[in-house]
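[1] Got a predicted model here, sequence first, then my questions.
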Amino acid sequence: MRYLPLTPADRAEMLGVIGADTVDDLFVDVPAEARLSGPIAGLPLHASEMAVERHMSALAAKNLSAGTAPFFIGAGAYRHHVPASVDHLIQRGEFLTAYTPYQPEIAQGTLQVLFEFQTQVARLFGTDIANASMYDGSTACWEAILMASRITRKTRAVLSSGLHPHYAEVVRTMAKFTEDDIVSLKAELVAEPDDAAVIAQIDDKTSCVVVQYPDVMGRIPDLAAIAEAAHAKGALLIAVVTEPVALGMIEAPGALGADIVVGEGQSIGVGLQFGGPYLGLFGCREKFVRQMPGRLCGQTVDAEGKRGFVLTLSTREQHIRREKATSNICTNSGLCALAFSIHLTLLGGEGLAQLAAVNHDKAQTLIERLAKVPGVTVLNDAYFNEATLVLTRDAREVVRELADRKVLGGVSLGRLFPEDSDLHKGLLVTATETVTDEDIEVFARELEGVLA
Amino acid sequence: MNAVNASGWRPSMGEAGEGAGFKTASGDYGLMLEEALSFELGSSEKCGVDLDTPSRPAAAGLSKFLRKSAPALPGLTEPETVRHYTRLSRQNYAIDLGPFPLGSCTMKHNPRLNEKMARLPGFADVHPLQPQKTVEGALEVIEQLADWLITLTGMASVAMSPKAGAHGELCGLLCIRAALDARGEKRDVVLVPESAHGTNPATAAFAGFKVQSIPATPEGRVDVEALKAKLGPNVAGVMITNPNTCGLFEPDMKAIGDAVHAAGGYVYCDGANFNAIVGKVRPGDLGVDAMHINLHKTFSTPHGGGGPGAGPVVLSEALAPFAPLPFVSRGEDGRVHLVEEENAGEGHAQAFGRMVAFHGQMGMFTRALTYILSHGADGLRQVAEDAVLNANYVLRSCEDLLPAPFAKSGPCMHEALFSDAGLAEGFSTLDIAKGLIDEGFHPMTVYFPLVVKGAMLVEPTETESKAGLDRFIGSLRSLAQRAKDGDQSLHSAPHFAPRRRLDETLAARKPVLVWQGAPGEPGTPSLSEIGGS
């Protein structure tokens, strides 16, 4: 077996040192009736690299990959071009095969990356500080709500209807067990986000309002107005960003008054990967640092006075505080944070702004073209790189028929909000820099065919 | 300073230059490289990507939302970027460089075939919300891996979406909560052994339970009588780690399970140590109701400097109906179907909800399945046997110098546990750990489990050859002897790492969590600014 270095002679010699006759003698604590006598029946035996590659490649070939079809899907996961150097660098064994940096003297590479990452996220979000990452945007969103409860000592959270329904579902699921009071607003097919409805729900018992920016239909809420209303009642504003590239163009949530900003970092450096692993981003005001979940990297000095970095403020964390920890999180998303950080370093501030402008340009081309298709109405007044169309029939069927024509033509609101039939004619379409004018033309033509 | 150290390796970093009696002008010493922050190196205008130029300004609708200036983020060109991260990478220890015997972490070799397969466009470049018929291969991967995990553990079902071990623990406990709710029972206590990983009590609290601690016996096992005495109508279940954090198998697991079940509770097993028994023992045969599997431990997906992990949870018949959405199952037509909120009513109506936005750690599923197929049923069994053999070899090769508190009670599983009792006055586990760094090794897990004084938990995994283990053992014995002899140089170890011991108190007392300057600004905050002396 190519991954196992011990030879039969090694094993025999080692058993001699141990004083055991057979390796099974080492499993003596396992009750005899629970010990398996040989390989589990019915499962295949070991296989060569070539055979495994053949098996996996056949499975991969059964999928229609985004790069092989006109592709207009977003809704919380975005297809951006990732420079080749990003994937090369994250495969450096010193990054890929290192552990959480518990021994900082021999983990300065990982730790400095995390310090740079935290700074990048804080600057992108317009927050004072950021942590070293969470699992993904949806779990970061729930952790932010818990954090707001700890800070405000209140447990009522108001979710904007523009929050990604999967995120809202994660929040409602977790809240069932913590008995937090979650107010979910009903989504509607209207041009403007539900800012007024959110503000109307804020009362003295409210710990936080959760607003996605841009929202799941591509609309852009007025965070400053919501922040002002929340703060007036002693509540916090949690802004959720599922497309961080947008922040190259629209104002950072922290600059608009958001107290906690969380997001999904996948769209910078990470790739689609059928939904994971992704990267939870988490920034907030500095005064909340001791209520933050997740790992934090901080600057310090070594015994010779050289600058260095360590994991810090771990008295918030499970391995020290056990049941009193701010979160149970242990492993986070380190390698995805590295990919994000490298990609963002390649872009730089001006580059991110230009990338955002190209995305917005493509989206305008797409929306203007699709608006000319009979049976299509554009919902949004404002959008960044995705917007909602209203069709003449259930968009779920339209998406499936487009797939038959080898076009990955957006996400139907019916898939995201299955229980809400008012929304089922909605189709969310997205254009990033990876979309060509020809792709847009094919999409428009096939959509016209499907709707005819 | 340039002498070959006890492990036979030359020091590659640290004081070599100063030992030669001079300082270089650059601050680098040959291949020992310092690296500034990207914020000190780059500038907002620099870019390592050739981007298109937008053909028009922002739409009028967006104008009131626009930011006034680009984010203050440093950019670097591609060669500068590659160099920055490559230089940083050299300041890390990694499995690719040598043994990484962190107990409980299972730092085994990460096969590169796994990486290659995960990057096939059919897996890497598919969107989680594509129409189902365009992602049938991806769903097949999830189903095939699920099938292996169910079979290897002898359980009824598996929830694939949890993102890491602690997230899997949460999933298991929420299944228990949902099952109790379905029975109309309010039970609010979870029993956790005092030797448990910190995530166990943290997770139980996160899931809304009260935690009660169970003591360990002098032999390093769960005190079964103490556990039984705590069972009652308010106990939702127990969280047991097996093999446990002392590196021992819990021989009374089945009896514990029977007692918990008789009292109306459920058994959660922390599967962090599954590598010791994969292919040898099925937790399902021991009365387990839920167990997470760290794909980044047993099944070799890379740790990546702290994740991403993946923590699927295998479930018993009793808990299977409550597994969260989304869910993949093979239908009677032989095809794999995705169960989401839209169609959960058709056979999965009791799901407790949703834990993540999409389908879980797909990139880890492809790697883990690749690893499993490479090993097969026979290879996985050999993995467990070699991992246990290696740990026992370390245990018996060092126990004369380092006390092994539970070695008398028989063989260990995949981890050897030592204590720092008996070192010279003022010497402790920390000195041995930092000394191992100078020897060219990553230290073992230290000061965990808490039930042993100055614990050193060594998990060599099956990845180490006998020659590699002999070299490690030689270093560990040498360090133990030096610590017994009171060798003061150990107190200042490491001497040869990119950094000497770091001031963690300073970092926590006055946290500096982000860099404060403008991009491209030279220099760093002065030591007085960050609270140093």
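    Done, it's in.

[2] CA atoms for contacts and neighbours, from now on please.
    Fine.

[3] ok, residue A:389 touching residue A:379?
    Yes: using Cα atoms under 8 Å, residue A:389 is in contact with residue A:379, at 5.6 Å.

[4] now the strands for chain A?
    Assigned by DSSP state E, chain A shows strands spanning A:129-130, A:156-159, A:181-184, A:206-212, A:236-241, A:260-264, A:280-284, A:297-301, A:307-311, A:377-378, A:386-390, A:411-412, A:426-430.

[5] Residue A:44 is nearest to which of these?
    strand A:280-284 (37.1 Å; Cα to Cα).

[6] got the CA positions of that closest one in PDB?
    C-alpha atoms of strand A:280-284 as PDB (Å, rounded to 0.1, in the frame of the first residue of the first chain):
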ATOM      1  CA  GLY A 280     -16.800  32.700   6.900                       C
ATOM      2  CA  LEU A 281     -15.700  36.300   7.300                       C
ATOM      3  CA  PHE A 282     -16.300  38.000  10.600                       C
ATOM      4  CA  GLY A 283     -15.600  41.700  11.500                       C
ATOM      5  CA  CYS A 284     -16.800  43.900  14.300                       C
END
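
[7] orientation of that strand relative to strand A:236-241 in degrees?
    Interaxial angle of strand A:280-284 relative to strand A:236-241 (axes from the mean of the first three to the mean of the last three Cα atoms, to 10 degrees): 150 degrees.

[8] Same list (the strands of chain A) but as a markdown table, adding mean neighbour count, distance to chain B and mean pLDDT.
    Below are those laid out as a markdown table (neighbours: other Cα atoms under 10 Å in any protein chain shown; distance: least, Cα to the nearest Cα, whole Å; pLDDT from 0 to 100):
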| stretch | mean neighbour count | distance to chain B | mean pLDDT |
| --- | --- | --- | --- |
| strand A:129-130 | 30 | 6 | 98 |
| strand A:156-159 | 25 | 16 | 98 |
| strand A:181-184 | 18 | 14 | 97 |
| strand A:206-212 | 29 | 14 | 98 |
| strand A:236-241 | 29 | 13 | 98 |
| strand A:260-264 | 30 | 10 | 98 |
| strand A:280-284 | 30 | 11 | 98 |
| strand A:297-301 | 27 | 5 | 97 |
| strand A:307-311 | 24 | 7 | 97 |
| strand A:377-378 | 18 | 13 | 98 |
| strand A:386-390 | 28 | 12 | 98 |
| strand A:411-412 | 27 | 7 | 98 |
| strand A:426-430 | 27 | 11 | 98 |
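
[9] Of these, which is nearest residue B:341?
    With Cα to Cα as the yardstick, what comes closest out of those is strand A:411-412 (14.1 Å).

[10] Which other helices and strands does the closest one contact?
    Counting contacts by 3 or more Cα pairs under 8 Å, 6 or more residues apart in numbering or on different chains; DSSP states H and E, strand A:411-412 packs against helix A:395-404, strand A:426-430.

[11] Would you convert these into CSV that also reports distance to residue B:105?
    Below are the helices and strands packed on strand A:411-412 laid out as CSV (distance: least, Cα to Cα, whole Å):
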stretch, distance to residue B:105
helix A:395-404, 43
strand A:426-430, 41
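
[12] Break down the stretch 151-300 of chain B into its strands, ranges please.
    B:157-159, B:189-193, B:210-214, B:235-241, B:266-270, B:290-292 (DSSP state E, counting those that start in this stretch).

[13] do you know how far residue A:204 is from residue A:116?
    Distance check for residue A:204 against residue A:116: by Cα to Cα, to the nearest Å, it reads 38 Å.

[14] To clarify, my last question referred to residue B:440.
    27 Å.

[15] Equivalent analysis for residue B:110, please.
    Taken as Cα to Cα, the span from residue B:110 to residue A:116 is 26 Å.

[16] Residue A:239 now?
    With Cα to Cα as the criterion, residue A:239 and residue A:116 are 22 Å apart.

[17] And chain A, what are its domain boundaries?
    Under the assignment automatic domain parsing, the domains of chain A span A:70-82+A:349-451, A:84-344.

[18] Just name the most buried of those.
    domain A:84-344 (a mean of 24; mean count of other Cα atoms under 10 Å in any protein chain shown).

[19] Give me the distance between the two termini of that one.
    End residues of domain A:84-344 are separated by 13 Å (Cα to Cα).

[20] Who are the contact partners of residue 202?
    In the absence of a named chain, chain A is used. Contacts for residue A:202 (Cα atoms under 8 Å, 6 or more residues apart in numbering or on different chains) come out as A:158, A:209, A:229, A:230, A:233, A:235.

[21] actually chain B
    By Cα under 8 Å, 6+ apart, the contact set of residue B:202 is A:318, A:321, A:322, A:323, A:324, A:325, A:327, A:328.
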